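Asks: compute the structure for the input listed below.
(2 chains)
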Protein chains: 2
Amino acid sequence: MKLNDKGMLIVMSGPSGVGKGTVRKALFEKRGHRLDYSVSMTTRKKREGEVDGVDYYFVSREEFEQRIKENKFLEYAEFVGNYYGTPLDKVMEKINAGKEVVLEIEVNGALQVKDKMRDAVMIFIVPPGKKALYDRLRSRGTESEEIIKERVEKADREFKLAHYYDYIVVNDDVDNAADRIMAIIRAEHAKTERSIHKYKKLMEEK
Amino acid sequence: MKLNDKGMLIVMSGPSGVGKGTVRKALFEKRGHRLDYSVSMTTRKKREGEVDGVDYYFVSREEFEQRIKENKFLEYAEFVGNYYGTPLDKVMEKINAGKEVVLEIEVNGALQVKDKMRDAVMIFIVPPGKKALYDRLRSRGTESEEIIKERVEKADREFKLAHYYDYIVVNDDVDNAADRIMAIIRAEHAKTERSIHKYKKLMEEK
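Replies: Numbering: from 1, shown residues only, chains lettered A, B, ... in the order given. All right, here's what the predicted structure looks like:
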């Protein structure tokens, strides 16, 4: 029996190259959860095979900017001329239906979410060592020295933002990291601040 | 890899009759933990077969009262003419050695611990329903109506103290409750405030 029936917003972030996507994938492969993705909204053109409401919500630039004005995004950013954002209403629908919505996003977006939704569970994924991450960024593909240098500097800035998060999870082993996140979700449901309302109702029983 | 190597103090409490002892037992039977008991100190006489430092630390009334003055107990109480207490130094030794010290105690003692040790993990165990607990208190043994009434009233007062705790765990099923507590311990280790120091050291790596 759970005292907290509502779902939660789980924000997974961390420095570039830490393997957020892989951890998220391993997390969704675990059994016995009510995890759900958040579908982003974008102004970029729909590509062949993409489905509106599944891959993205495709909207016009006008509609997106109207939504920004109405404060309807948990976070958004512009990237190569297109907007990308997390629609607040869609996330809330899922949370109210008891699902845990997992957002795997860059550090900038994560900090916007924290501002908008105080009870989001903020998880910072870190590598077991800094050097390992740098090596990985350096060995990825065949980019120029300049691009690699930029990436390392970006990761370096992102490393310093751990204190904005509720939890720090080391990605030493993907499955291990996913297990830690499952434990965090379970523990968060038991937190007094999330469960005291339903507990009080239970206590009204004679 | 754990970012927090230190152990923690886990306080398990809850209204009388909720089954704290059974949950604790199930918890210790789980694998892969570093849980440890706290041995209480007492002024009562050692009984045959009891071992000092294992069953209790047996001390004189003078020594116990001296320790009270020196603020050396996490909590203590007098019961039928004897003192019983949790020695702070012994608990700290275990925590510094990386063990999770589990204290399964009455509500009064738990609130004393919370005052003395701010980073203790406070877990309130509750029954799935209030009536179930009352029925259990009423059916236990063959006590007089008066004693039963006192018990129910005590549980009733204790029910109201949930908001002093970090977590509320429903004892709907003993094994389930123990699993929830394991998840809480795991999540607490990943908490930023517990792990940021070691994380910062990791980050000093070049």
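Asks: so where do the helices sit in chain A?
Replies: Applying DSSP state H to chain A gives helices spanning A:20-29, A:61-69, A:88-96, A:107-116, A:130-139, A:145-159, A:174-190, A:192-204.
Asks: TSV for those, including distance to B:A162 and mean neighbour count?
Replies: Every residue, glycine included, has its C-beta placed from N, CA and C. What follows is the helices of chain A, written out as TSV (distance: least, CB to CB, whole Å; neighbours: other CB atoms under 10 Å in any protein chain shown):
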stretch	distance to B:A162	mean neighbour count
helix A:20-29	30	17
helix A:61-69	40	14
helix A:88-96	24	16
helix A:107-116	27	18
helix A:130-139	42	16
helix A:145-159	38	15
helix A:174-190	12	21
helix A:192-204	6	16
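Asks: low pLDDT regions in chain A?
Replies: Residues of chain A meeting the criterion pLDDT under 70: A:140-142, A:206.
Asks: what sits against the spatially most central residue of it?
Replies: Taking CA atoms, centre = their mean, the centroid of chain A lies closest to A:L103, which sits 2.4 Å from it. The contact partners of A:L103, taken as CB atoms under 8 Å, 6 or more residues apart in numbering or on different chains, are A:L9, A:I10, A:V11, A:M12, A:S38, A:L74, A:T86, A:V91, A:G109, A:A110, A:V113.
Asks: just those now: which is nearest A:A178?
Replies: Lowest distance from A:A178 to the contacts of A:L103 (CB to CB) belongs to A:M12, with 10.3 Å.
Asks: from memory that closest one sits against A:K20, does it?
Replies: Yes - in this structure, A:M12 is within contact of A:K20 by CB atoms under 8 Å, at 5.7 Å.
Asks: find residues that contact each of the two.
Replies: Residues within reach of A:M12 and of A:K20 at once, by CB under 8 Å, 6+ apart, are A:E104, A:I125.
Asks: how about the residues of chain A that lie near chain B?
Replies: Counting by CB under 8 Å from any CB of the partner chain, chain A comes close to chain B at A:1-3, A:124, A:126, A:128-131, A:159-160, A:162-163, A:165-170, A:172, A:180, A:182-184, A:186-188, A:190-192, A:195-196, A:199, A:202-203, A:205-206.
Asks: and the helices of chain A: which comes nearest B:G53?
Replies: Among the helices of chain A, if distance is taken as CB to CB, the winner is helix A:174-190, at 33.1 Å.
Asks: chain center to the closest one: distance?
Replies: Centre-to-centre, helix A:174-190 and its host chain are 14 Å apart (CA atoms, centre = their mean, to the nearest Å).
Asks: now do it against helix A:20-29, angle only.
Replies: Using axes from the mean of the first three to the mean of the last three CA atoms, to 10 degrees, the direction of helix A:174-190 lies 60 degrees away from that of helix A:20-29.
Asks: put the alpha carbons of helix A:174-190 into PDB.
Replies: Extracted C-alpha coordinates of helix A:174-190, given in PDB (Å, rounded to 0.1, in the frame of the first residue of the first chain):
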ATOM      1  CA  VAL A 174      24.500   1.300 -15.800                       C
ATOM      2  CA  ASP A 175      22.400  -1.300 -14.100                       C
ATOM      3  CA  ASN A 176      23.600  -0.200 -10.700                       C
ATOM      4  CA  ALA A 177      22.800   3.400 -11.400                       C
ATOM      5  CA  ALA A 178      19.300   2.500 -12.600                       C
ATOM      6  CA  ASP A 179      18.800   0.500  -9.400                       C
ATOM      7  CA  ARG A 180      19.800   3.500  -7.300                       C
ATOM      8  CA  ILE A 181      17.300   5.600  -9.100                       C
ATOM      9  CA  MET A 182      14.500   3.100  -8.500                       C
ATOM     10  CA  ALA A 183      15.400   3.100  -4.800                       C
ATOM     11  CA  ILE A 184      15.200   6.900  -4.900                       C
ATOM     12  CA  ILE A 185      11.800   6.900  -6.400                       C
ATOM     13  CA  ARG A 186      10.600   4.300  -3.900                       C
ATOM     14  CA  ALA A 187      12.000   6.300  -1.000                       C
ATOM     15  CA  GLU A 188      10.500   9.600  -2.300                       C
ATOM     16  CA  HIS A 189       7.100   8.000  -2.200                       C
ATOM     17  CA  ALA A 190       7.500   7.300   1.500                       C
END
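Asks: so which elements touch it?
Replies: strand A:9-13, helix A:20-29, strand A:121-126, strand A:167-170, strand B:167-170, helix B:174-190 (3 or more CB pairs under 8 Å, 6 or more residues apart in numbering or on different chains; DSSP states H and E).
Asks: picking that back up, okay, the helices of chain A in TSV with distance to A:V51 next?
Replies: Formatted as TSV, these follow (distance: least, CB to CB, whole Å):
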stretch	distance to A:V51
helix A:20-29	19
helix A:61-69	18
helix A:88-96	15
helix A:107-116	23
helix A:130-139	33
helix A:145-159	32
helix A:174-190	27
helix A:192-204	34
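Asks: for B:I95, find the nearest of these.
Replies: That would be helix A:174-190 among those, by CB to CB, at 19.4 Å.
Asks: and the angle for that closest one with strand A:9-13?
Replies: Comparing the axes of helix A:174-190 and strand A:9-13 via the same axes, to 10 degrees yields an angle of 150 degrees.
Asks: tell me the angle helix A:174-190 makes with strand B:121-126.
Replies: Angle, helix A:174-190 to strand B:121-126, by the same axes, to 10 degrees: 60 degrees.
Asks: run through who's touching helix A:174-190.
Replies: The contact list for helix A:174-190 (CB under 8 Å, 6+ apart) reads A:2-4, A:8, A:10, A:12, A:19, A:22-23, A:26-27, A:29-30, A:33, A:100, A:121, A:123, A:125, A:167, A:169-171, A:194-195, B:167-169, B:179-180, B:182-184, B:186-188, B:190.
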